[in-house]
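1. Sequence and predicted structure, then a few things I'm wondering about:
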Amino acid sequence: MFNIHSKTFDVGNGQQVTIETGKLARQADGSALVKCGNTILHATVVSSKESKPDQDFFPLSVDFREKFSSNGRIPGSFQRREARITDPEILVSRLVDRAIRPLFPDGYMNETQVLISVISLDSETPAEDLAGLAASAAITVSDIPFLEPISEVRVCKINGEYIINPKTSEAVNATLDIMLGATEDNILMVEGESKEVQEDELIEAILAGHQAIKEHCRQQKALALEMGVVKREFSAPQLPADLVERVKNACLKGIEEVATTPLGKHERRDRLKAVKATFLDSISEEETATFDYKSFEQIYDNLEWETIRSVVLEKRVRLDGRKLDEIRPLEMEVDYLPSPHGSALFTRGETQSLTTVTLGSKQDEKLEDKATGVEFQKFLLHYNFPPFCTGEIKPQRGPSRREIGHANLALRALKNMLPPNSDNPYTIRVVSDIMESNGSSSMATVCAGSLALMDAGIQTKKHVSGIAMGMISAGDKHAILSDILGDEDHLGDMDFKVTGTRDGITACQMDIKVDGLSMDIMREALAQAKRGRMHILDHMERCIQAPRPELKPHTPRAHVMDIDKEFIGAVIGPGGKVIQGLQAETDTEISIEEIKEEGIGRIIILSNNKENMDAAIRKIKGIVAVPTVGDTYDSVVKSIVEYGAFVEFLPGKEGLLHISEIAYKRINSMQDVLKEGEHIEVKIIGIDPKNGKFKLSHKALLPKPEKPENPQKD
């Protein structure tokens, strides 16, 4: 019944991976299973047979989803089912999209959907490392036009070695961690983070990952050949040659003039629109009815793209008049806003980020319910790109995939410069609001985030800056552009972003669009990016040299207490009664967690009021204190009985103050000496070894009365 085909090979780390097709989802255009260990991904692709009318971009959608059942879990949401796509799933979807999108033929405008589902999960074999392979395999075994297979691998540098798709437990020790997408011959995409590695280490990681990917691609080609896959016939629509020549003759000079005249973003666009409008105005009324306006738009866009690229390559002139390696003017300011816990305004040319830092408690950590389990994040970075920052009008909805991707890149750039959790009691939220944009607002977010963290008094290790680079190449010529404009972003054959400190790279993102890019050119580009990063760091250090030694006055102070883990339950109390009561009584925020590897409980108290903080500390110390014989306490009478009073001398700790231990004189009735709620100082005079009950005395703290002298005998 099933016509199953499969290939098994080494994924690149000694583990075997299997691609299988022919059993599941046979009505999809393409379907593939990828198995590695107990992790199994299922990918499908469906592409419309017809293109959308008047479509001017390739309508490709990629969704990566984790089934909770894959790891034997039920979702923790109210409806107990997978809901909207999560941020981590969006990030994986973007990585796959960026690798496969360039491999569909130019001019292919048929709506295409790639779905990747994790249906079985081994927590030591991350599914996201196999997502690109699964998507490519599904497309390769389909009849959908696709230039050649791709794959993606994770490359980590661990103990000096480059490991392909390491186990989850191994990757935590990595100094470099990147995802790499490539065909058998060419690198397509790189994204990842590192702990201040050098440029050559990044190149070495890329080369190591590409070696593994080559085998992935060869196996996909062999599978398609074995199946006898025949691709649909597709040829890109041909533009009318006479119209191409006509537009070139009429518009080339005008475009060249704009491309060689330093202009601002909006003025440049207005001038280019005027070139186009002049041509359209030249069309006679008789020709209007038959004129091919759709082809004209594409022809004009192609001419503009080719002309600006040619100007940069031949004349070494950029759109705004800068040199190829020149950074736009920089302006930066910290403590820009009075009420946030930290803030910075970073402006680079026509790109500007207003970034704030907020410090919160453990209760503010972000909870992520994933198939692998519940995870908490105490460092959050959010990026907002409102329409006004580009002078546009758009509906305000939730964050786009682009915004989520940019935020993640900035987070990865900054996180390794934060102090260790043991020295940082706060949940940190950084928010970058883009005020204007003309080229790499994500890198502006990195710079502004670094400044704002130092302004907030977070003891970051070093400043981190970021720069967006571009590259244009043709034949034996190439031009590497530092700090690219928005208009330059789509011109290049390689767009890449690099962040780092003075001592090394902390994150990177590259999209490479040209075949056969040499490693020498990539090294040159990374070296030029490093010079740009250092230039920006110079300005950032002049703005604020190091983290402020103190938090802002209005920032909640945190006090960290470590207690023996056996007292965690006593501090929390039944149903949280004790800790909730402490917070209400002292007007503080108190959190507690067990640090298993150290065998302790860590308590964090947050308050803006020193007296409240001291009161909370005092009460918690009382709960975790181990009373010993001879200790004295100010106690509160809780109840009165005939033979004495039960008093609370520490929170949750009571003992009997016997009637005979109140005073040296005889007391006939307890009602005559003490009342409930009254304070009385007591001393521990004994602890019953059998039941741990405390014996208390007030009398022991009183001066002993002198004995009367013996009367003289007559």
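-> Arrived safely.
2. rest of the way, CA atoms for contacts and neighbours
-> OK.
3. which helices and strands sit right next to the longest strand seen in the chain?
-> Counting by DSSP state E, the longest strand found in the chain is strand 39-51. Using 3 or more Cα pairs under 8 Å, 6 or more residues apart in numbering; DSSP states H and E, the elements in contact with strand 39-51 are strand 30-36, strand 110-120, helix 131-140.
4. Name the residues of the helix or strand containing Arg542 that are buried.
-> Using DSSP states H and E, Arg542 maps to helix 519-543. Neighbour counts over helix 519-543 (16 or more other Cα atoms under 10 Å) mark 522, 525-526, 528-530, 532-534, 536-537, 540 as buried.
5. Same question for stretch 470-487.
-> By neighbour count on 16+ other Cα under 10 Å, the buried set for stretch 470-487 is 470-473, 478-486.
6. cool, stretch 153-170 as well?
-> Going by 16+ other Cα under 10 Å, stretch 153-170 has these buried residues: 153-158, 162-166.
7. of the residues you listed, closest to Phe104?
-> Distance to Phe104 across the buried residues of stretch 153-170 (Cα to Cα) is lowest for Val153, with 20.6 Å.
8. Please report phi then psi for the closest one.
-> Dihedral pair for Val153: phi -140, psi 160, per degrees, to the nearest 10.
9. That one bridge partners, please.
-> The residues listed as beta-bridge partners of Val153 by DSSP bridges are Leu180.
10. Name the residues that touch stretch 512-526?
-> 102, 185-189, 199-200, 203, 469, 480, 492-495 (Cα atoms under 8 Å, 6 or more residues apart in numbering).
11. Which one of those is nearest to Ile687?
-> If you rank the contacts of stretch 512-526 by distance to Ile687 using Cα to Cα, Glu199 comes first, at 66.6 Å.
12. ok so, going back, need the residues that contact the longest strand of the chain.
-> 25, 28-35, 108-122, 125-127, 130-131, 134-135, 138-139, 142, 144.
13. ditto for stretch 63-74
-> Against stretch 63-74 from outside (Cα under 8 Å, 6+ apart): 75, 80-82, 85, 89-90, 92-93, 114-122, 131, 370-373.
14. Pull out the buried positions in the helix or strand containing Ala212.
-> For Ala212, the host element (DSSP H and E) is helix 199-227. Buried residues in helix 199-227, defined by neighbour count with 16+ other Cα under 10 Å: 199, 202, 205-210, 212-217, 219-221, 223-224, 227.
15. roughly how far apart are Val229 and Ala546?
-> Look at Val229 and Ala546: by Cα to Cα, to the nearest Å, they are 61 Å apart.
16. Which of those two has more residues huddled nearby?
-> Applying other Cα atoms under 10 Å to Val229 and Ala546 shows that Ala546 carries more neighbours, namely 19 against 15.
17. ok, now which ones touch the more buried one?
-> Contact analysis of Ala546 by Cα under 8 Å, 6+ apart lists 454, 462.
18. cool, and Leu453?
-> Taking Cα under 8 Å, 6+ apart as the test, what Leu453 contacts is 342-343, 357, 459-460, 547.
19. so which strand or helix has it?
-> helix 441-456.
20. and the next helix or strand after that helix, what does it pack onto?
-> Counting by DSSP H and E, the next helix or strand C-terminal to helix 441-456 is strand 465-474. With contacts taken as 3+ Cα pairs under 8 Å, 6+ apart, strand 465-474 sits against helix 293-315, helix 441-456, strand 477-482, strand 494-501, helix 519-543.
21. buried sites along the very next helix or strand once past the longest one?
-> So the one you mean is helix 519-543. Downstream of helix 519-543, the first helix or strand assigned by DSSP H and E is strand 557-564. Judged by neighbour count using 16+ other Cα under 10 Å, the buried positions of strand 557-564 are 557-558, 560, 563.
22. Run a quick neighbour tally on Ile662.
-> That count, for Ile662 with other Cα under 10 Å as the rule, works out to 24.
23. separation between it and Lys693?
-> Taken as Cα to Cα, the span from Ile662 to Lys693 is 18 Å.
24. Could you do Gln219 as well?
-> For Gln219, the distance to Lys693 equals 74 Å [Cα to Cα].
25. Just send the helices and strands packed on strand 465-474 back as a markdown table, with mean pLDDT and distance to Ala236 too.
-> Below are these laid out as a markdown table (pLDDT from 0 to 100; distance: least, Cα to Cα, whole Å):
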| stretch | mean pLDDT | distance to Ala236 |
| --- | --- | --- |
| helix 293-315 | 92 | 13 |
| helix 441-456 | 98 | 34 |
| strand 477-482 | 93 | 28 |
| strand 494-501 | 94 | 24 |
| helix 519-543 | 96 | 31 |
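26. a markdown table please, covering those and showing distance to Asp54.
-> Putting the helices and strands packed on strand 465-474 into a markdown table (distance: least, Cα to Cα, whole Å) gives the following:
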| stretch | distance to Asp54 |
| --- | --- |
| helix 293-315 | 8 |
| helix 441-456 | 31 |
| strand 477-482 | 34 |
| strand 494-501 | 28 |
| helix 519-543 | 38 |
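27. So for Ile590, which of the ones you listed sits nearest?
-> Of all these, helix 441-456 sits nearest to Ile590, with 21.5 Å by Cα to Cα.
28. Buried residues, stretch 578-590. List them.
-> For stretch 578-590, burial by neighbour count (16+ other Cα under 10 Å) applies to 578-580, 582-583, 586-590.
29. give the contact list for the residue nearest the centre of the chain.
-> Nearest to the geometric centre of the chain sits Asn408, at 3.4 Å (Cα atoms, centre = their mean). Taking Cα under 8 Å, 6+ apart, we find Asn408 in contact with Leu381.
30. Fine by me, we can end here.
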